[in-house]
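1. after the sequence you'll find the predicted model.
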Amino acid sequence: MTLEIPETDFVDARHMSMRCSPIALLPLLCLLPMATAVATSSDAPDRAHVLDTMKRATGFMVDRVSYRGGYVWSYLPDLSRRWGELEARRTMIWIQPPGTPGMGNLFLDAYHATGDEYYYRAAEQAAGALIAAQHPSGGWNYVADLAGEESLQEWYGTIGRNAWRLEEFQHYYGNATFDDQTTAEAAKFILRLFAEKREPKYRAPLDRAIGFVLASQYSNGGWPQRYPLMGGFSKDGNPDYTSFITFNDDVAAENIDFLIKCYGLLGEKRLLDSIRRGMDLFPAAQQEAPQAGWALQYTPDMEPAGARTYEPKALATHVTAEVIDQLLRFYHFTGEVKFLARIPEALEWLDAVRLPPELSGDRGSYPTFVEVGTNRPLFIHRKGSNVFNGRYYADYNHRNTVGHYSSFRTIDVHALRDRLQKALATPPDEATRNSPLRPGAPAFTLPRVAAGLGGFPGRDGGENVEARVARVIGALNNEGYWPSPLRLTSNPYKGEGTKVEAPGDFSQSRVGDDTDTSPYMDPQPVNGISVATYIANMGELIRFLEESR
């Protein structure tokens, strides 16, 4: 589960200099301005030029970068090394966004914008990789190794096991996960591809995905983080958390969204019970005042629970804000005021736990975690130098908190309160006018995905669309990709860490000693091949085509 600063792209700087480091990517919106500022053009682009750029960039990704139709997150220019959230092997593909499903969705967006079957075939190749990676139960893991189970287990036992702060990779469960939208993104892409031409070959993997979501749901409407239930990984004496009911990273919300899309497109009424129970879980999990918030996870009997060792048993302010957002959506789906009834209590709780300026500074006005029973903020720390001698802990000290997982959050409570007032003032019949669950709802269509991305350079800075597109076109290099600064680096695997602490202070760093395979910031990023940048720049070109029709 990634509440951390999102990461994507890696490159090995040893191929560029004598420095000994591989590199990873920053969040998408931080990456884009640099990714598209490499070149400019004063000539207004025409449709033919845009189409040619799209085809060259896609041909490079499909023919040179992909493995059996699948992708990770980033690559060295010579493709000798590659990364997802951790370093990957040539035979591995990443399902966790922005991996293979994101590429598949982009290809479908390009197919819609151009009518070119080339992009549909590229989407089919991505689907083929995902179907090969689909767990027999119907879901997906973060990552798959198309070389086979033995190879994947060996990767988990080396690179995964030594990633100190990425505890979700330290143990190989052999099942599938809902975390980080992994199963939801893959399943929605397969649904979208099936909906394009209703090809029967995609119905079977789609049905397996639907069956996975239905089978994994608890009777109270919640979903575990991983399924089939395995357990078996106790970290520092904490229970295995993967069977716990999960709100973190929108696990429940993403599953409901997938089922609603399936209901709208396939008309399967059997999904309505699961959708209803999933929505009902949200108000049921709210704690009683004066702590009327929500936790990251819950035990099956609905008690707040911890997860990774830096995610203690606590209420979580950012999850509370996310749940409020979903409750407002559920009102517009159903018109039922029960989804709005206790939002005021949750907003009052957020007001009550707001941090004073001397504690929060510019890091965020709300603590990430609030202790159950006391309403005291909890702050996350660590000591040691690697996964074998280090540990995380929570206390009441706001100083020297870990750098990779913020103990502080920024939440717009005022905006949530405004949205609640608007919802309360909207009669149920009006609120549900566009609900896909309303009897007699209009024909359901899936939204485009990649072309809906925002945050591109110039979009809010006055630069017109022609100038933006010209910059994107000019930035494509002769090889056919957009060079991107890959801002995170990780140590290559060199063997197990020891129980002896290495010299130095790793309490706030993103990485420990040189045996830690976790990504960290590279002070001298180099350019490489980024899936996120490809998706972003292609999205800009696709929008140009659609807006200029």
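-> Good, I have the coordinates. Numbering: from 1, shown residues only.
2. what's the neighbour count on residue 249?
-> Residues lying near residue 249 (other Cβ atoms under 10 Å) number 21. In this view, the C-beta of every residue, glycine as well, is placed from N, C-alpha and C.
3. just the strands in the stretch 251-400 of the chain please.
-> According to DSSP state E, counting those that start in this stretch, the stretch 251-400 of the chain carries its strands in the segments 297-298, 304-305, 315-316, 366-367, 369-370, 377-383, 391-395.
4. make a markdown table out of the ones you listed and add distance to residue 50 and mean neighbour count.
-> Listed next are these as a markdown table, based on distance: least, Cβ to Cβ, whole Å; neighbours: other Cβ atoms under 10 Å:
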| stretch | distance to residue 50 | mean neighbour count |
| --- | --- | --- |
| strand 297-298 | 46 | 24 |
| strand 304-305 | 50 | 22 |
| strand 315-316 | 44 | 26 |
| strand 366-367 | 44 | 24 |
| strand 369-370 | 47 | 26 |
| strand 377-383 | 47 | 20 |
| strand 391-395 | 49 | 16 |
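5. possible to save those strands as TSV with mean pLDDT and distance to residue 114?
-> Listed next are these as TSV, based on pLDDT from 0 to 100; distance: least, Cβ to Cβ, whole Å:
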stretch	mean pLDDT	distance to residue 114
strand 297-298	98	43
strand 304-305	98	48
strand 315-316	98	43
strand 366-367	97	45
strand 369-370	98	47
strand 377-383	98	47
strand 391-395	98	49
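6. take those strands and lay them out in CSV including distance to residue 407.
-> CSV is the format used below for the strands of the stretch 251-400 of the chain (distance: least, Cβ to Cβ, whole Å):
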stretch, distance to residue 407
strand 297-298, 18
strand 304-305, 18
strand 315-316, 11
strand 366-367, 6
strand 369-370, 7
strand 377-383, 4
strand 391-395, 9
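7. select, out of these, the one closest to residue 179.
-> Each of the strands of the stretch 251-400 of the chain was checked against residue 179 via Cβ to Cβ, and the shortest separation belongs to strand 297-298, namely 10.7 Å.
8. circling back: can you tell me which of the strands of the stretch 251-400 of the chain is nearest to residue 154?
-> Of the strands of the stretch 251-400 of the chain, nearest to residue 154 by Cβ to Cβ is strand 391-395, at 26.3 Å.
9. so which elements touch the closest one?
-> Packing partners of strand 391-395 (3 or more Cβ pairs under 8 Å, 6 or more residues apart in numbering; DSSP states H and E): strand 377-383.
10. work out the gap between the strand it packs on and the centre of the chain.
-> Taking Cα atoms, centre = their mean, to the nearest Å, one finds strand 377-383 lying 24 Å from the centre of the chain it belongs to.
11. direction included, what does it pair against?
-> Strands adjacent to strand 377-383 in the sheet, as given by DSSP bridges, are strand 369-370 (antiparallel), strand 391-395 (antiparallel).
12. can you give me the end-to-end distance of stretch 149-162?
-> Stretch 149-162 has its terminal residues 19 Å apart, counting by Cα to Cα, to the nearest Å.
13. rewinding a little: between the strands of the stretch 251-400 of the chain, which gets nearest to residue 484?
-> Between the strands of the stretch 251-400 of the chain, strand 377-383 lies closest to residue 484; by Cβ to Cβ that is 30.4 Å.
14. list the contacts for the residue nearest to residue 491 when sequence neighbours are not counted?
-> Leaving out its chain neighbours, the residue that sits closest to residue 491 by Cβ to Cβ, 6 or more residues apart in numbering is residue 514, at 5.2 Å. By Cβ atoms under 8 Å, 6 or more residues apart in numbering, the contact list for residue 514 reads 491, 494, 502.
15. the helices in the stretch 51-200 of the chain, which residues?
-> Taking DSSP state H, counting those that start in this stretch to define them, one finds helices in the stretch 51-200 of the chain at 100-114, 117-133, 149-155, 182-197.
16. pick the most buried one from the ones you listed.
-> The highest mean neighbour count among the helices of the stretch 51-200 of the chain belongs to helix 100-114 (a mean of 26), with neighbours defined as mean count of other Cβ atoms under 10 Å.
17. what's the angle from that one to helix 117-133?
-> 160 degrees (axes from the mean of the first three to the mean of the last three Cα atoms, to 10 degrees).
18. which strands or helices does helix 100-114 pack on?
-> Counting contacts by 3+ Cβ pairs under 8 Å, 6+ apart, the secondary-structure elements packed against helix 100-114 are helix 47-60, helix 117-133, helix 182-197, helix 531-547.
19. present these as TSV; the columns should include distance to residue 173 and mean pLDDT.
-> What follows is these, written out as TSV (distance: least, Cβ to Cβ, whole Å; pLDDT from 0 to 100):
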stretch	distance to residue 173	mean pLDDT
helix 47-60	35	97
helix 117-133	15	98
helix 182-197	13	97
helix 531-547	25	94
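20. if I look at residue 409, how far off is residue 393?
-> From residue 409 across to residue 393, the span is 20 Å (Cβ to Cβ, to the nearest Å).
21. hmm, I typed the wrong one, I wanted residue 181.
-> Residue 181 sits 29 Å away from residue 393, going by Cβ to Cβ.
22. and the residue nearest the centre of the protein?
-> Here the mean C-alpha position of the chain is nearest to the C-alpha of residue 180 (Cα atoms, centre = their mean), at a distance of 4.2 Å.
23. test my guess that that residue contacts residue 96.
-> Yes: when contacts are counted by Cβ atoms under 8 Å, residue 180 is listed as touching residue 96 (4.9 Å).
24. anything in contact with each of the two?
-> Listed contacts common to residue 180 and residue 96 are residue 142; contacts here mean Cβ under 8 Å, 6+ apart.
25. could you find the closest non-adjacent residue to residue 202?
-> Distances taken as Cβ to Cβ, 6+ apart put residue 194 closest to residue 202, at 4.0 Å, once the chain neighbours are dropped.
26. contacting residues for the one you found?
-> Applying Cβ under 8 Å, 6+ apart to residue 194 gives the contacts 202-203, 206.
27. next step: the residues you listed restricted to helices.
-> With DSSP state H as the criterion, helices contain 203, 206 from among the contacts of residue 194.
28. drop anything exposed from the contacts of residue 194.
-> In the contacts of residue 194, burial by neighbour count holds for 202, 206, counting by 16 or more other Cβ atoms under 10 Å.
29. please tabulate the strands paired with strand 377-383 in CSV, including the columns distance to residue 336.
-> Formatted as CSV, those follow (distance: least, Cβ to Cβ, whole Å):
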stretch, distance to residue 336
strand 369-370, 28
strand 391-395, 37
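30. any idea which of those gets closest to residue 164?
-> Nearest to residue 164, of the strands paired with strand 377-383 and by Cβ to Cβ, is strand 391-395 at 9.4 Å.
31. residues in contact with the closest one: which ones?
-> Among residues not part of strand 391-395, those counted as contacts by Cβ under 8 Å, 6+ apart are 236, 308-310, 312, 314, 369, 378-384, 402.
32. and for residue 531, the neighbour number?
-> A count of nearby residues for residue 531, using other Cβ under 10 Å, gives 28.
33. which single one of the contacts of residue 194 is nearest to residue 527?
-> Minimum separation from residue 527 among those (Cβ to Cβ) is found for residue 202, which lies at 36.4 Å.
34. list the contacts for the closest one?
-> Residue 202 makes contacts with 127, 190, 193-194, as judged by Cβ under 8 Å, 6+ apart.
35. swap the cut-off to 10 Å and go again
-> Taking Cβ atoms under 10 Å, 6 or more residues apart in numbering as the contact definition, residue 202 lies against 124, 127, 131, 190-196.
36. picking that back up, what's the most distant pair in the contacts of strand 391-395?
-> For those, the farthest-apart pair by Cβ to Cβ is 314 and 384; their separation is 22.3 Å.
37. so for these two, which sits in the more crowded spot?
-> residue 314 (22 against 19).
38. is the residue nearest to that one when sequence neighbours are not counted in a bridge, and if so with what?
-> Nearest residue to residue 314 in three dimensions, chain neighbours excluded: residue 369, at 3.9 Å (Cβ to Cβ, 6+ apart). Per DSSP bridges, residues listed as beta-bridge partners of residue 369: residue 316, residue 378.
39. and the gap between residue 369 and residue 166?
-> With distances defined as Cβ to Cβ, the gap from residue 369 to residue 166 amounts to 19 Å.
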